[in-house]
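>>> need a 3D model of the following:
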Amino acid sequence: MSYSKKRKNWPSRRPHWAAEALPFEHVLKEQILGQDSAVREIAGIMACHVNRQQLKCPPQAARVLIVGRPSSGKTMLVDQVAKLLNLATTNINCACLSPPGYRGYDLSVSLKNLIAEAGIGGVERASTHSCLIFDELDKLKRRGKDDDFIKQIEFSLLPVFSGEKLIIDQDENGESQPIQFSTYGALVIAMGVFPEISKTVWTDPNRARRALVKYGFSIEFVSRITHIIQLKPLRKEDVERLVEREVKSLGSTYQSGANVPEMPVKQIKAIANFAAKSEFGIRGARLLIHELLQRRAHAEAIDNLV
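Prediction:
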């Protein structure tokens, strides 16, 4: 009997990959509109992450780069991933980072926050059941491609992406024992817009890596990224559904008694059209939604008083 046939007869305690990936994909499609291809890929990454945690010698967890224009759903996607996998999270804004040893917001602050967020289990849980989110990664290089200050920040991120052991001082006075922490088993997700890079580049991993190096990132950093996922511009109908969702969500904040201000379909389509053309996307449309909902709520309040 061949080894492969034996494997078929041996029951496995680990879940089948598809049994994990397909439910993740189904749930994410309900939340992340118009990004079926990206959702399918991230669901596969999530299924692999679940499986790797049950292996005796698990490989390094995924290092993912998510690229997309503002309001394409990057932040919501990552938040849903962490929520569905029940991972402790820390969000690092690369536009505000400073190198180790400088005053300001360096990487150690976020790692301490992650360990605190892990709760019971502390360092051990943070090293295996956590997600490090690096937001605005492209702005790190847009601050200055040839600046030594920026290069120090980038190279401080290398141990996190490579999963090396990090030494974190618990306090500035050095009175407590330093913490040893490794991100080898932690999911690492970076996000960015990268407006200067052509959208067609991201469909080819090799072209994407070369473009990132040309953008200013080192080969050592780029080579540690295991997955590159592009979120496409939303279709008009998807933007309308998102606007409808925002109207329902924000409308509840203007509720007066049993009355929740609503918005006619014509106005929703107009706002969606504005959001699709605006560089601010859905975030920029929230200003209009608030303004229109407030007017309707105020009018209804006056009518009720009369």
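
>>> switch to C-alpha atoms for all contacts and neighbour counts from now on
Fine.

>>> quick check, Thr90 in a helix?
No: in this structure, Thr90 is strand, not part of a helix, as judged by DSSP: H, G, I helix; E, B strand; the rest coil.

>>> pretty sure it sits against Ala116.
No: counting by CA atoms under 8 Å, Thr90 sits too far from Ala116 to count as a contact (9.9 Å).

>>> more neighbours: which of those two?
With neighbours defined as other CA atoms under 10 Å, Thr90 and Ala116 compare such that Thr90 has more, 21 against 17.

>>> give the contact list for the more buried one.
Thr90 makes contacts with Ser110, Leu111, Asn113, Leu114, Glu117, Cys131, Leu132, Ile133, as judged by CA atoms under 8 Å, 6 or more residues apart in numbering.

>>> is it fair to say the second one lies in a helix?
Yes: for Leu111, which was evaluated using three-state DSSP, the result is membership in a helix.

>>> contacts for the longest helix seen in the chain, please.
Longest helix in the chain by number of residues, with DSSP state H as the criterion: helix 281-305. Applying CA under 8 Å, 6+ apart, the set of residues contacting helix 281-305 from outside is 70-71, 239, 242-243, 246-247, 250-251, 254-256, 260-263, 271-272, 274-276, 278.

>>> mind checking the SS state of Gly101?
Taken by three-state DSSP, the conformation at Gly101 corresponds to coil.

>>> and the nearest residue to Asn113 once chain neighbours are set aside, what are its bridge partners?
With sequence-adjacent residues excluded and distances taken as CA to CA, 6 or more residues apart in numbering, Asn113 is closest to Thr90, at 6.7 Å. Partner residues in beta bridges with Thr90: Leu132, with DSSP bridges as the criterion.

>>> need phi/psi at the most centrally placed residue in the chain.
Centrality entry for the chain: nearest residue to the mean C-alpha point is Val78, 3.0 Å, by CA atoms, centre = their mean. According to degrees, to the nearest 10, the main-chain angles of Val78 amount to phi -70, psi -40.
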